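Student: Pasting the sequence and the predicted coordinates here, then a few questions.
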Amino acid sequence: MSKLQLFQEISPKAIDCINQLPYIDKRYDTDEKVADFGDKIDYIYVILKGALKTNEYTVAGKEIVSSYYLAYDAFPFYLVYSGVEKIPYNVFCHKKAEVLLLPKQQLMA
């Protein structure tokens, strides 16, 4: 976790606490769905390798990629801190990825 820019300014004690969270280590293949529009936000996704993307669709059905998340990125902190409870887009694996899922409730405590 200490490699993530997000955690650069926190204490070693806090890093130890984060490292002790009951995380899930997931691997995704390219184009595999990671999360669906409307899923409850239960985890913070920390990308260790590869890339994820968020996408939405126009009324005509055209895919619009709204964001890419690369190795050492974490999301959806901006949604969590703004009070959003559900994922407002689909999340897919863009490039074969390894992702840690940190439990949102315990991380935010």
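Tutor: On my side now, so go ahead. It should be emphasised that the depicted structure is a prediction, and the values quoted were computed from it without experimental measurement.

Student: And whichever helix or strand residue 105 is part of, what's buried?
Tutor: Under the assignment given by DSSP states H and E, the secondary-structure element containing residue 105 is helix 104-108. Along helix 104-108, the positions that meet the burial threshold by neighbour count (16 or more other CB atoms under 10 Å) are 104, 107. C-beta coordinates here come from the backbone N, C-alpha and C atoms, glycine included.

Student: Next: stretch 9-29.
Tutor: Neighbour counts over stretch 9-29 (16+ other CB under 10 Å) mark 18, 23, 26, 28 as buried.

Student: Okay, and the beta partners of the last one?
Tutor: This means residue 28. Beta-bridge partners of residue 28, counted by DSSP bridges, are residue 97.

Student: Is it in contact with residue 99, as I believe?
Tutor: Yes - using CB atoms under 8 Å, residue 28 is in contact with residue 99, at 6.6 Å.

Student: Next, show the common contact partners of the two.
Tutor: Common contacts of residue 28 and residue 99 (CB atoms under 8 Å, 6 or more residues apart in numbering): 34, 50, 52.

Student: Please identify the member of those with the greatest number of neighbours.
Tutor: Per-residue neighbour counts (other CB atoms under 10 Å) across the shared contacts of residue 28 and residue 99 peak at residue 52, which has 23 neighbours.

Student: Show the backbone phi and psi for the nearest residue to it once chain neighbours are set aside.
Tutor: In space, residue 52 comes closest to residue 69 once its chain neighbours are excluded; the distance is 4.6 Å by CB to CB, 6 or more residues apart in numbering. Its backbone dihedrals place residue 69 at phi -120, psi 120, with angles given as degrees, to the nearest 10.

Student: For residue 69, give me its contacts.
Tutor: Residue 69 makes contact with 45, 47, 51-54, 75 under the criterion CB under 8 Å, 6+ apart.

Student: Report the central residue of the protein.
Tutor: The residue at the geometric middle of the chain, judged as the C-alpha nearest the mean C-alpha position with CA atoms, centre = their mean, is residue 45 (2.5 Å).

Student: Would you mark the buried spots in the helix or strand where that residue lies?
Tutor: Secondary structure from DSSP H and E places residue 45 in strand 43-57. Along strand 43-57, these residues count as buried under the neighbour rule (16+ other CB under 10 Å): 43-48, 50-54.
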